[in-house]
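J.: build me a model:
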Amino acid sequence: MRILVYLLSLVLLFTSLVFARSPQSGNPAINTPHPGDVLQGAVTVTGSSDMTGFVSAELSFSYADDPTNTWFLIATQGKPVLDQMLATWDTSSITDGNYSLRLRVFLADGSTSDVLVPSLRVRNYTQVETPTPAPVPPQATPLPTITPTSTPFPTPTILPHNQAVLAPVDVSFSIIYGGLAALLLFIIVGIYLWLRRNL
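T.: From the prediction side, this is the model:
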């Protein structure tokens, strides 16, 4: 009987751990580069695009203080990432100057969420000037979520559901059903052995 209680306790503990590890989603973020950084050659852009309702994401750059608000695509993402590489930006293919970097996440409800890193200094072909101290925030500040209107950006195509993907809920239920089946098997064997010994 002690074994049965022990096994039941293990199943309950394992089930609570599985449900406690549900994924968290937050705001998009660009971890590197930071505002004011000097960029040369291939630059690894890291950050997070993991949000509830994620459909796709775009990483783009723009000239600093561009009155036309024109953005040039660096890379697109079909899957969300959390504190990982977003893309590699080859700055040697653009002219030296000051730029802004934007991560835009498209959500299932039709809205977008942006994060912007301003004042990036691309210096592949000119001398790097000594930076003047300026109050620069250490992290890129997320912009508020906006509802898209008619914009020159294409609407992302929603991909069909991948039948081979297992949701965390499916895995949790499989573990629970397997644990319950094993527990039921132990109970049946225990009853059989008890009846055999007592008869």
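
J.: give me the buried positions along stretch 94-108.
T.: 96, 99-107 (16 or more other CB atoms under 10 Å). C-beta: built from backbone N, CA, C; applies to glycine.

J.: possible to save those residues as CSV with distance to G78?
T.: CSV is the format used below for those (distance: CB to CB, whole Å):
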residue, distance to G78
D96, 32
Y99, 25
S100, 24
L101, 20
R102, 18
L103, 15
R104, 14
V105, 12
F106, 11
L107, 14
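
J.: which ones among those lie within strands?
T.: 99-107 (DSSP state E).

J.: how about the residues you listed in JSON lines, adding distance to N31?
T.: Shown next, in JSON lines, are those (distance: CB to CB, whole Å):
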{"residue": "Y99", "distance to N31": "17"}
{"residue": "S100", "distance to N31": "16"}
{"residue": "L101", "distance to N31": "12"}
{"residue": "R102", "distance to N31": "15"}
{"residue": "L103", "distance to N31": "10"}
{"residue": "R104", "distance to N31": "16"}
{"residue": "V105", "distance to N31": "15"}
{"residue": "F106", "distance to N31": "20"}
{"residue": "L107", "distance to N31": "21"}
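
J.: G53: which of the buried residues of stretch 94-108 is nearest?
T.: L107 (4.2 Å; CB to CB).

J.: quick one: that closest one from R121, how far?
T.: Counting by CB to CB, to the nearest Å, the gap from L107 to R121 is 32 Å.

J.: just A42 next, same as before
T.: Taking CB to CB, one finds A42 at 16 Å from R121.

J.: and the two? Which one has more around it.
T.: More crowded of A42 and R121, by other CB atoms under 10 Å: R121, with 21 against 10.

J.: rewinding a little: let's have the buried residues of stretch 94-108 in TSV, adding distance to P144 and pLDDT.
T.: Compiled in TSV, the buried residues of stretch 94-108 are given as follows (distance: CB to CB, whole Å; pLDDT from 0 to 100):
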residue	distance to P144	pLDDT
D96	32	92
Y99	22	95
S100	17	95
L101	18	95
R102	14	95
L103	14	95
R104	13	95
V105	13	95
F106	15	95
L107	13	94
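
J.: specify which member of the residues you listed is nearest to M85.
T.: L103 (12.4 Å).

J.: the closest one reaches D114, doesn't it?
T.: Yes: with contact defined as CB atoms under 8 Å, L103 counts as touching D114 (6.9 Å).

J.: shared neighbours of those two, which are they?
T.: Both L103 and D114 are contacted by P28, under the criterion CB atoms under 8 Å, 6 or more residues apart in numbering.

J.: next, count neighbours for the nearest residue to I94 once chain neighbours are set aside.
T.: Of all residues not flanking I94 in the chain, V122 sits nearest, at 6.3 Å (CB to CB, 6 or more residues apart in numbering). Residues within reach of V122, counting by other CB under 10 Å, total 22.

J.: check P28 too.
T.: P28, neighbours per other CB under 10 Å, totals 25.

J.: residues contacting it?
T.: Contacts of P28 by CB under 8 Å, 6+ apart are 47-49, 51, 57, 103-105, 113-115, 142.

J.: and it, how far from D50?
T.: 8 Å.
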